[in-house]
Structures are given as structure tokens and as C-alpha cells.
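>>> I would like to see how this sequence folds:
(one chain, ligands or ions: 1)
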Amino acid sequence: MNNANNTELPIGVFDSGVGGLTVLKALAAELPHEDLIYLGDTARLPYGTKSPASISRYACQAARLLQQREIKLLVVACNTATAVALDQLRAQLHPLPVIGVVGPGANAAVAARPGGRHLVLATEATVRLGAYRRAILELDPSASVQELACELLVSLAEEGWNDGPIPAAIIDRYLGSLGAAASGVNSVILGCTHFPLLRQAITAAFASNVSVVDSASTTAAVARNLLQNMGLAREIGHAGSMLLLATDGTSRFARVGGWFLGKKLSAGDVTLVDL
Ligand code: DGL
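The predicted structure is shown next:
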């Protein structure tokens, strides 16, 4: 890759749907001079309940579309796609740099709680693959890690039911499945793109000294450092743009996605693409 010619290319960001817009928001804040192309695979959402074979296939197709549009970095904003397909995507897109959200999330948790007792809340597929467990224990062998699949929280966030008795009861029900083990936890990792919207309700379910981390801002910091180290960072002075692509439902993408991005969107802001 000839970096001098590539600084002006956009950063590609991919997720199974709108959840990764939490990561896009962090990238836009951290890298205001960069152009961003976001692809949400809304036609095939959710990934979290699918088999690894399907998730890999979907992730590779989405990445190919972004690669064809010419990008200088791919950010896999989806925890599930990162857990299942990060290595495969790196091999497929080489020499294009690819970063995922699991490593940065694990880093943030370990930095907040060295030797911590971490609880990872994520989708079924992310939990099944133990991606956070491996990433945390590699960084901090003295840590302990439990993982809990909380699929219903994805639907709650997309419904906008982020607070009140319904999410509180559902979170309690999930935590109840851990039994006494939940009480020793001192670090909670929001290992799914949707869970930052439920941060308050999740935080309220734990003691006040429990740290709650997500991977959005650490992933953006990793992207900034990588672009700088590779000589790919865009010059200050350019006002970064944002292009939103989806594989289905531009109106729903705009309505629900606006909550994740923290800004009002209309269907006209989203372009439909086929993979
Ligand atoms: N984006 C997914 C994740 O972060 C959540 C939604 C889904 O299951 O596709 O794991």
C-alpha cells in the first residue's frame, strides 16, 4: 500500500446493523478530519444468534463491498463479527489494516481493573467463541472472566426501551442465571454494540464500585494510533464526512440508528446497497 496516496481514502466501518453507529460516533469524535463510510448489514441482522459459518460469510461479503469502494482501514464495529471473523477478514483484505472491537474493549477493561473479576455481556455467538475471555486473559493472566449471553438486550435497545422496569427486570433475570457468581464481579464489559444504550440500566444492577466499560472510544483511539503510525492520517483542515450504507430498510435504519449515533437521521441520509 502506498501510504502517501492513501491518506485521503475513507475509513470503512462495518456492523451487522445500526449498533456499530456507537463506534462510528466515537470515530467521528476522535478523528474529525477523516471521511467515514459505514455499512450496516440490516438485511441479515442479528448476527449474534447465527452460526459462525454464516457470520463469517456475511462479514467477508460486507468487507468486500467496503474494500471495493477503496478504504484505508476497516473497523469491524460488530463484536460478533470481530469474535468470529477478525482473523479471516485480515487474511482476506491484506495488506489493508483491519481492527475489531474485542481487543480494544478487553484493553479498556483490564486498564480499569487490573486483576479484575470481569463479566462480559454479549451476544450468544460472541460468548460461545470466548473471544473476550481470551483477549482479557492474554493481557492479564491474573484476571477472571465470566461471559453471559443477553440476546434480549439487543431487541430492547432497538425498541428504545432503555430504562424503567422492563429492562431492569430483564437484566435481573439474566444476572440471576449466574447465581452467587455475579456478586463478586467488579468489572462489566458491554461486549455488544447495543449495550451502551442500556448503560444506565446495566450499571444500576451492580454495586456502585463496579466499573462498566464499552469498546467504542478505545477502538477509536486504536484507529487514530494506527493511522498515525502507518502514515495514513489525514491532514488537519479537512472536515470529515460520513456516508451511511445499509442492506435493508433505510427508514428504520434512520429512526433507530439516530439513537445510536446520537443525532437525528432521515431515510435520505442512508443509501441502500446489495452485497
Ligand atoms: N452488532 C452485534 C454485536 O456487537 C449485535 C447485534 C447482532 O446480533 O447482530 O455483537
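>>> Report the next helix or strand after the lowest-mean-pLDDT helix or strand in the chain in sequence order.
When the helices and strands of the chain are scored by mean pLDDT, DSSP states H and E, helix 3-6 comes last with a mean of 66. Sequence-wise, the next helix or strand downstream of helix 3-6 (DSSP states H and E) is strand 11-15.
>>> Do any residues in that following strand lie close to the ligand?
Yes - Strand 11-15 lies within reach of the ligand by CB under 6 Å from any ligand atom, at D15. No exception for glycine: its C-beta is placed from N, CA and C like everyone else's.
>>> how about the CA coordinates for that strand, as PDB?
Extracted C-alpha coordinates of strand 11-15, given in PDB (Å, rounded to 0.1, in the frame of the first residue of the first chain):
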ATOM      1  CA  ILE A  11     -12.200   4.600   6.800                       C
ATOM      2  CA  GLY A  12     -14.600   1.800   6.300                       C
ATOM      3  CA  VAL A  13     -16.800   0.700   9.300                       C
ATOM      4  CA  PHE A  14     -18.900  -2.400   9.300                       C
ATOM      5  CA  ASP A  15     -21.600  -3.800  11.600                       C
END
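>>> Check which helices and strands it sits against.
The contact analysis (3 or more CB pairs under 8 Å, 6 or more residues apart in numbering; DSSP states H and E) places strand 11-15 against helix 21-30, strand 36-40, helix 52-68, strand 73-76.
>>> Within range of the ligand, give me the residues from the protein.
15-17, 19, 45-48, 78-80, 123, 126, 154, 192-194.
>>> If we use 8 Å, what do you get?
Neighbours of the ligand within the chain, by CB under 8 Å from any ligand atom: 15-17, 19-20, 45-50, 77-83, 101, 122-123, 125-126, 151, 154, 191-194.
>>> Wait, C192 touches S16, no?
No - under the criterion of CB atoms under 8 Å, C192 is not in contact with S16, lying 10.2 Å apart.
>>> what touches both of these two?
Common contact partners of C192 and S16 (CB atoms under 8 Å, 6 or more residues apart in numbering): 48, 80.
>>> So which of the helices and strands packed on strand 11-15 is nearest Q146?
helix 52-68 (21.4 Å; CB to CB).
>>> on contacts alone, who are the packing partners of that closest one?
So helix 52-68, by 3+ CB pairs under 8 Å, 6+ apart, packs with strand 11-15, strand 36-40, strand 73-76, helix 79-93, helix 124-129.
>>> and those as JSON lines, adding mean pLDDT and mean neighbour count?
Shown next, in JSON lines, are these (pLDDT from 0 to 100; neighbours: other CB atoms under 10 Å):
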{"stretch": "strand 11-15", "mean pLDDT": "98", "mean neighbour count": "28"}
{"stretch": "strand 36-40", "mean pLDDT": "98", "mean neighbour count": "25"}
{"stretch": "strand 73-76", "mean pLDDT": "98", "mean neighbour count": "27"}
{"stretch": "helix 79-93", "mean pLDDT": "97", "mean neighbour count": "24"}
{"stretch": "helix 124-129", "mean pLDDT": "97", "mean neighbour count": "21"}
